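Q: turn this into a model:
(one chain, ligands or ions: 1)
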Amino acid sequence: MESLLQVKNVEKVFGKGANTFKALEDISFTIDHGEFVGIMGPSGAGKSTLLHVLATIDTPSKGDIYIENDNIAKMKGDQLADFRRDHLGFIFQDYNLLDSLTVRENIVLPLAIAKLPPKEIDVKVNSMAKAFGIETILDKYPYQISGGQKQRTASCRALVSNPKLIFADEPTGALDSKSATDLLKALSSLNEDQDATIMMVTHDAFAASFCRRILFISDGRLSREMIRATHSRKEFYQMILDELAQLGGDGHDTV
Ligand SMILES: Nc1ncnc2c1ncn2[C@@H]1O[C@H](COP(=O)(O)OP(=O)(O)OP(=O)(O)O)[C@@H](O)[C@H]1O
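A: Below is the predicted model of the structure:
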């Protein structure tokens with residue numbers, strides 16, 4: 001199968017002259033259509049830098065990043081903004097919802113920008129709201145709903161336009177464990193049932209255990225890959241905790 005994302009020899013250097021710091025070094029990997037991949041590693045390892053570079057929020061200092069046949073490392077300005085809008089979805093820890101819009105209006109936004117017919121918008125929004133269990137709060141405003149409901153709204157908005165690739169940056173970081181579990185289950189179902197391709201950066205071994213494959217980074221380099229294969233989620237959770245213990249990272253005590 002053709003890879004969806006191909007990262008080739010990516011390097012990211014911050015600063016200039018004598019004051020430079022190499023946050024990413026010689027990073028190469030691929031993600032296929034329909035994968036759910038976690039990125040883990042100790043604090044300062046380069047996880048956010050990698051996500052920002054892949055998500056077109058920052059540019060690499062060297063290397064190529066292909067999403068299907070487009071090299072986003074070589075795109076600039078409007079072309080990059082259009083690519084981001086048309087093909088990528090984002091879920092951040094702090095939700096990024098617009099407070100003056102209802103839940104439904106927040107979710108509709110990317111479809112309205114893409115000028116989809118209203119009937120098609122309704123069908124897509126209702127089906128996505130059902131997948132995330134937020135059908136009953138569609139007419140509420142963000143201040144009227146819980147953190148978990150806000151994150152599920154933000155996830156619906158990220159997924160409703162059917163992006164090629166979804167980037168999630170610590171999506172459960174601000175959630176209690178019940179809300180985190182609900183969100184992770186919804187993301188895994190969309191990954192399994194609708195082939196949504198998701199790349200998630202997380203500190204949390206519990207969140208990571210919902211992924212099918214984990215890439216570990218340390219000191220700006222890929223250090224190890226772990227594949228869930230036929231292991232149960234609980235077994236995978238334990239494998240991740242063992243790896244984090246070796247790397248000196250932190251976990252999460254919910255199973
Ligand atoms: N804009 C910047 N300028 C200089 N150095 C930076 C910049 N952004 C990140 N760094 C450095 O790059 C390294 C990787 O940072 P990054 O935020 O990617 O790590 P991380 O793995 O996401 O950490 P955490 O888990 O704590 O969020 C760190 O040493 C950080 O200090």
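
Q: and the pLDDT for residue 77?
A: On pLDDT, residue 77 comes in at 88.

Q: that one and residue 59, how far apart?
A: Taken as C-beta to C-beta, to the nearest Å, the spacing of residue 77 relative to residue 59 amounts to 12 Å. Quick note: C-beta positions are derived from backbone N, CA and C, even for glycine.

Q: so those two - more neighbours on which side?
A: A count of neighbours by other C-beta atoms under 10 Å puts residue 59 above the other of residue 77 and residue 59, at 15 against 7.

Q: which positions in the stretch 101-250 of the chain make contact with the ligand?
A: Listed as neighbours of the ligand in the stretch 101-250 of the chain under the rule C-beta under 6 Å from any ligand atom: residue 203.

Q: show me the helices in the stretch 101-250 of the chain, by range?
A: Under the criterion DSSP state H, counting those that start in this stretch, helices of the stretch 101-250 of the chain are mapped to 103-113, 118-131, 147-159, 177-194, 205-208, 233-247.

Q: hey, which of those helices is tucked in deepest?
A: helix 205-208 (a mean of 26; mean count of other C-beta atoms under 10 Å).

Q: helices or strands up against that helix?
A: With contacts defined as 3 or more C-beta pairs under 8 Å, 6 or more residues apart in numbering; DSSP states H and E, helix 205-208 has these neighbours: strand 36-40, helix 177-194, helix 233-247.

Q: let's test this: mean pLDDT of the second one, rounded?
A: For helix 177-194, mean pLDDT rounds to 89.

Q: okay, the angle between that helix and strand 36-40?
A: Between the axes of helix 177-194 and strand 36-40, defined by axes from the mean of the first three to the mean of the last three C-alpha atoms, to 10 degrees, the angle is 140 degrees.

Q: which secondary structure elements does helix 177-194 sit against?
A: Right, helix 177-194 is packed against strand 36-40, helix 118-131, helix 147-159, strand 198-201, helix 205-208 by 3+ C-beta pairs under 8 Å, 6+ apart.

Q: would you turn these into JSON lines with mean pLDDT?
A: Rendered in JSON lines, the data for those read as follows (pLDDT from 0 to 100):
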{"stretch": "strand 36-40", "mean pLDDT": "96"}
{"stretch": "helix 118-131", "mean pLDDT": "92"}
{"stretch": "helix 147-159", "mean pLDDT": "91"}
{"stretch": "strand 198-201", "mean pLDDT": "96"}
{"stretch": "helix 205-208", "mean pLDDT": "95"}
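
Q: let's have the ones you listed in TSV, adding distance to residue 102.
A: Putting these into TSV (distance: least, C-beta to C-beta, whole Å) gives the following:
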stretch	distance to residue 102
strand 36-40	30
helix 118-131	11
helix 147-159	10
strand 198-201	26
helix 205-208	28
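
Q: which of the ones you listed sits closest to residue 106?
A: Minimum separation from residue 106 across these (C-beta to C-beta) falls at helix 147-159, 5.6 Å.
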